[in-house]
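Engineer: coords below, sequence missing:
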């Protein structure tokens with residue numbers, strides 16, 4: 001489709017679409033001539049996502065955070081999961097436990113266990129107990145990249161539970177149960193996409209992950225109200 005068709009389908013001004021193109025938030029169009037380009041379904045899908053991220057549905061988010069959300073979506077997260085991860089990193093930065101730069105939410109920032117201990121005020125022994133309980137991803141799991149702002153925010157959340165009198169070992173069953181839930185959801189994703197081509201399978205998995213996440217919230221809310 002041409003730009004005018006894309007703008008009509010997305011219900012956005014052409015100036016907005018050109019702005020997104022300049023900012024690198026849209027895939028490059030197919031150049032058919034020096035001054036002509038064509039756009040496909042992927043451009044319309046991305047514009048719908050940008051509208052959600054810029055509006056009340058998932059945002060509004062500034063462009064810097066939108067870039068990171070898009071990168072997380074390209075890694076396989078649903079838009080809602082990516083926004084939630086972004087919010088976790090933002091909370092970590094706000095309370096002083098996270099990285100100052102938003103890039104720390106997406107890419108591991110290379111923080112060592114000692115760095116995490118210093119920034120969160122927890123000792124290394126306690127942090128290793130969280131790692132052993134499956135509540136904190138180890139630096140080894142992330143290769144040489146270390147920990148990031150999201151890990152720091154997670155430590156802050158665990159710290160509130162520890163300060164309430166719980167031990168890391170008391171929380172291990174939660175990590176184990178969530179691991180089993182995730183493993184079963186992966187089985188369901190494999191089942192649903194077994195006959196799909198790769199492109200279609202990726203889209204189905206992203207949709208299912210978003211649905212699973214919403215179901216988690218609902219089931220937890222129902223369990224608390226029963």
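Structural biologist: It's in. A quick note: this is a predicted structure, and the numbers were derived from the prediction, not measured. Residues are numbered from 1 along each chain as shown.
Engineer: Only C-alpha atoms from now on, for both contacts and neighbour counts.
Structural biologist: Fine.
Engineer: quick one: the most centrally placed residue in the chain from residue 74, how far?
Structural biologist: For the chain, the residue whose C-alpha lies nearest the mean C-alpha position (Cα atoms, centre = their mean) is residue 82; its distance is 2.4 Å. Residue 82 sits at a distance of 10 Å from residue 74 (criterion: Cα to Cα, to the nearest Å).
Engineer: Could you do residue 171 as well?
Structural biologist: Residue 171 sits at a distance of 31 Å from residue 74 (criterion: Cα to Cα).
Engineer: Looking at those two, which has the bigger crowd around it?
Structural biologist: Neighbours per residue (other Cα atoms under 10 Å) separate residue 171 from residue 74, with residue 171 holding more: 17 against 14.
Engineer: right, and the helix or strand after the helix or strand of the chain with the lowest mean pLDDT?
Structural biologist: Considering only helices and strands, the least confidently modelled element of the chain by mean pLDDT, DSSP states H and E is helix 103-106, at a mean of 44. Sequence-wise, the next helix or strand beyond helix 103-106 is helix 113-120, with elements assigned using DSSP states H and E.
Engineer: Show me which positions of the longest helix belonging to the chain end up buried.
Structural biologist: Ordering each helix of the chain by length in residues (DSSP state H) puts helix 198-225 first. Judged by neighbour count using 16 or more other Cα atoms under 10 Å, the buried positions of helix 198-225 are 201-202, 205-206, 208-210.
Engineer: and the residues you listed as JSON lines, adding distance to residue 6 and pLDDT?
Structural biologist: Listed next are these as JSON lines, based on distance: Cα to Cα, whole Å; pLDDT from 0 to 100:
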{"residue": "201", "distance to residue 6": "25", "pLDDT": "83"}
{"residue": "202", "distance to residue 6": "24", "pLDDT": "80"}
{"residue": "205", "distance to residue 6": "26", "pLDDT": "84"}
{"residue": "206", "distance to residue 6": "24", "pLDDT": "78"}
{"residue": "208", "distance to residue 6": "27", "pLDDT": "87"}
{"residue": "209", "distance to residue 6": "28", "pLDDT": "82"}
{"residue": "210", "distance to residue 6": "26", "pLDDT": "76"}
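Engineer: any idea which of these is the one closest to residue 181?
Structural biologist: Taking Cα to Cα as the measure, residue 181 lies nearest residue 209 of these, at 11.9 Å.
Engineer: ok, for the closest one, nearest residue in space, not its chain neighbours?
Structural biologist: With sequence-adjacent residues excluded and distances taken as Cα to Cα, 6 or more residues apart in numbering, residue 209 is closest to residue 78, at 6.3 Å.
Engineer: For that neighbour, list the residues it contacts.
Structural biologist: 206-207, 209-210 (Cα atoms under 8 Å, 6 or more residues apart in numbering).
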